[in-house]
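Trainee: Quick one, what's the 3D model for this:
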Amino acid sequence: MDEPRHWQVQLKSLFQLGLEQTGLYGLYQFGLKTGQIARQTPVHPIRPAESAEVYFPWQPVSHADLAAVLKGTEEALRLEAEAIVSGSFRGFGGPLCPIQLRPAVTPPAHWTKPTPESTQQDIKFFWEPARFGWALTLARAFAFFGDERYARTFWERLEEFTVFNPANAGPNWASAQEVAIRLMSVAFAASLLRSSSQSTPERLRLLRGFIAAHAERIPATLGYSQAQNNNHLLAEAAGLCTAAVLLPDHPASRQWCALGQANFNRGILKQVALDGTYAQYSTNYHRVMLHCALWIAALYADKKSIRVIFTAQALARLSAAVSWLGAQTDPVSGLAPNYGHNDGANFLPLSTCAYEDFRPTLQAAGCIFSENRYFPTGPWDETGLWLGCSKKADAAVSHPSQVNPAVLRLSNPDSWAILRANHFHSRPAHADQLHVDLWFKGQPLALDAGTYLYNAPAPWENALTSAAVHNSVQIDDLEPMTRAGRFLWLDWDQAAGIHRVEAAAEISARRDGYRRIGVGHERRLLNPSGHEWRIIDRLTPVGRKPKEHKVALHWLIADLPWSLAGNTLRLEHPAGSIRLSIDCQAPGILTLDRAGERVFGAGSAAPISGWVSPTYGVREPALSLNMIWNTKLPLEIVSRWQLPG
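Mentor: Numbering: from 1, shown residues only. Next up is the predicted model:
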């Protein structure tokens, strides 16, 4: 679509996002420009409090229980803890990187001022070590191995942070969500290390001052988080609740508690739909939302019932959200589609499972919010053990083909597929309407590219949101929505006409994103036999004289050995040969890209073509198959996947 003018963006944002969100954002900007927010968050050193009293609500875990869930993965925990002692951690769950806690400029200026971290690089790489997620690994390792070096490393790093990052100064205080996540990580790690000789009264006084300074930063910008209507609000509400519970005698404790609980319950009702769909349309942010809810439940675990904290409506939404994630998760591997934004967030890394494994979250959330266990006993149970929910259900449940009405999924014993069809009620993340994920033997075969980077030079600045890299159809090289900012789409591409025929293993839906240029698009997903999957795209002229269009079908495919014969791609999988054939009544041109390079066909590849990003800042090669037709409509395209049997 044409690039919108600034006034058009402002007007459309007002109407499409709503007066409440745009108004709250406007008030936040007013507070920044007038200096009001800066005055509410003055710079000051983080000093030890007079008292060393900190109330830790989490119950210790016995060594025997921990050994039972760690069985076979103890060495992985030890190696990760040793890397942290040596100064490295797995940023975004990916490769090892240094634990850098010192800002580029010291002493840092007030957080509202520009910094090298925010203007010269992707600030997420600076924020990630300062979330202190690695501290949870140290604390878990101390609980199992009893090695005092792990406790000493935590406290020395905390002291380093407080020296080089005074309250409200520098980039580590710019985002209240980052402040909240750090507060929660440090509080939980300190609770697991309370028996260590390193946890001296002086350090506990410093911890108390650290918690208070972090909680005091959050209320000033709650309006911004309410305007965003996403994980920012939930994390900040959870941070306020944490400070209120750990420091019950602090003068602001009651205010933090009231603000935290009210905003959390309100946030869940605004962000989680009745069917469990999350407002950010992302599997990873869906996990972040459930992490926040699990944290709140564990924080108030000494209450007789979680209904004391969560409203009945919020609990119903959370139960539906667990069901949604269960329908997205592979029962063999615990992986899930790389749907929507994936910024590497995992602020409850409480197991030895990989970052991309959703079983720890699903198992714990299932126990708390739907009173079910999704998986048999395994290392994914460690998260629930720490959060006090491992004993709440004994029976494992099966994974039926459709466990949530919002997830358009078809399954058989070896493979499953999802057709993405959303009617958006909040900002879409990616231009991915009618995208199809296909999974085979626990791994993605036709997959979603992910995110890679939010902030980077062209062409990588949040580039993987484009329709061009999703498994759908693009018309005339246009996006189906108006790109109005790095994180903002307007004129949403809505899905409708969703239809299921369970007996025939068929799901269909249509979209309206290209109707404004006279093109209708309907897609059918079929599984006529256990080893065959069919995706049928029908493109029709809408409301005007048919004209020629450029139609591009795209498939992003796992990086497997390949060969091409005509319009059939053959892949060599450990289980046998896989074939993808494209059939159409009109002649088309087929190309294949890998890692930004054209490996079959004429022309050159787009730099973003043939990549998949499993977590933030990491990209890996994939196969990008494109088939292009320049033709008048109607047009029907059949993609046929044949899996080994």
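Trainee: Just want the most central residue of this protein.
Mentor: By CA atoms, centre = their mean, the chain has its centre lying nearest to residue 284, at 2.1 Å.
Trainee: Which strand or helix spans it?
Mentor: Take DSSP states H and E as the rule and residue 284 turns out to sit in helix 283-299.
Trainee: pLDDT averaged over that helix, what's the number?
Mentor: Mean pLDDT, helix 283-299: 98.
Trainee: Remind me what it packs against, helices and strands.
Mentor: Applying 3 or more CB pairs under 8 Å, 6 or more residues apart in numbering; DSSP states H and E, one finds that helix 283-299 contacts helix 231-246, helix 253-271, helix 312-328, helix 359-365, helix 381-387. Every C-beta, even on glycine, is put in place using the N, C-alpha and C of the backbone.
Trainee: Need these in a markdown table (columns: mean neighbour count).
Mentor: Putting the helices and strands packed on helix 283-299 into a markdown table (neighbours: other CB atoms under 10 Å) gives the following:
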| stretch | mean neighbour count |
| --- | --- |
| helix 231-246 | 27 |
| helix 253-271 | 19 |
| helix 312-328 | 21 |
| helix 359-365 | 29 |
| helix 381-387 | 25 |
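Trainee: would you list the ones you listed in JSON lines and tack on mean pLDDT?
Mentor: Shown next, in JSON lines, are these (pLDDT from 0 to 100):
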{"stretch": "helix 231-246", "mean pLDDT": "98"}
{"stretch": "helix 253-271", "mean pLDDT": "97"}
{"stretch": "helix 312-328", "mean pLDDT": "96"}
{"stretch": "helix 359-365", "mean pLDDT": "96"}
{"stretch": "helix 381-387", "mean pLDDT": "97"}
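Trainee: Out of those helices, which is closest to residue 478?
Mentor: Minimum separation from residue 478 across those (CB to CB) falls at helix 312-328, 28.8 Å.
Trainee: how far out from the middle of the chain is that closest one?
Mentor: Distance, stretch centre to chain centre, for helix 312-328: 16 Å (CA atoms, centre = their mean, to the nearest Å).
Trainee: Other residues contacting that helix?
Mentor: Contacts to helix 312-328, defined as CB atoms under 8 Å, 6 or more residues apart in numbering, come from residues 264-265, 268-269, 272-278, 283, 286-287, 289-290, 293, 306-307, 310, 336-337, 339, 358, 361-362, 365-366, 369-370, 374, 399, 402-404, 406-407, 409, 418.
Trainee: OK, contacts around residue 170?
Mentor: With CB under 8 Å, 6+ apart, residue 170 has these contacts: 103, 105, 108, 109, 111, 115.
Trainee: Without its sequence neighbours, what residue ends up closest to the residue nearest to the centre of the chain?
Mentor: The shortest distance from residue 284 to any non-neighbouring residue, by CB to CB, 6 or more residues apart in numbering, is to residue 342 (4.5 Å).
Trainee: Tell me, how many residues neighbour that neighbour?
Mentor: 26 (other CB atoms under 10 Å).
Trainee: chain center to the helix holding residue 284: distance?
Mentor: Here helix 283-299 is found 11 Å from its chain centre; the criterion is CA atoms, centre = their mean.
Trainee: got the angle for that helix vs helix 253-271?
Mentor: If you take axes from the mean of the first three to the mean of the last three CA atoms, to 10 degrees, helix 283-299 sits at 140 degrees to helix 253-271.
Trainee: Helix 283-299 versus helix 231-246: what angle between them?
Mentor: Helix 283-299 runs at 20 degrees relative to helix 231-246, counting by the same axes, to 10 degrees.
Trainee: Using CSV, write out the CA atom coordinates for helix 283-299.
Mentor: Extracted in CSV, the C-alpha atoms of helix 283-299 (Å, rounded to 0.1, in the frame of the first residue of the first chain):
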residue,chain,number,x,y,z
THR,A,283,3.5,-17.5,20.9
ASN,A,284,6.4,-16.1,22.8
TYR,A,285,4.6,-13.1,24.2
HIS,A,286,1.7,-15.5,25.1
ARG,A,287,4.3,-17.3,27.2
VAL,A,288,5.4,-14.0,28.8
MET,A,289,1.8,-13.3,29.7
LEU,A,290,1.5,-16.7,31.3
HIS,A,291,4.8,-16.2,33.1
CYS,A,292,3.4,-13.1,34.7
ALA,A,293,0.3,-14.9,35.8
LEU,A,294,2.3,-17.8,37.2
TRP,A,295,4.5,-15.4,39.0
ILE,A,296,1.5,-13.7,40.6
ALA,A,297,0.1,-17.1,41.6
ALA,A,298,3.4,-18.1,43.2
LEU,A,299,3.8,-14.7,44.9
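Trainee: Would you check that residue 100 makes contact with residue 128?
Mentor: No: contact criterion CB atoms under 8 Å: residue 100 and residue 128 do not qualify, at 9.3 Å.
Trainee: Could you say which one of the helices and strands packed on helix 283-299 comes nearest to residue 19?
Mentor: helix 253-271 (14.5 Å).
Trainee: what residues does the closest one touch?
Mentor: Helix 253-271 is contacted from outside by 215, 219, 222, 225-226, 229-230, 233-234, 236-245, 247, 250, 278-280, 289, 292-293, 296, 309-311, 313-314, 317-318, 426, using CB under 8 Å, 6+ apart.
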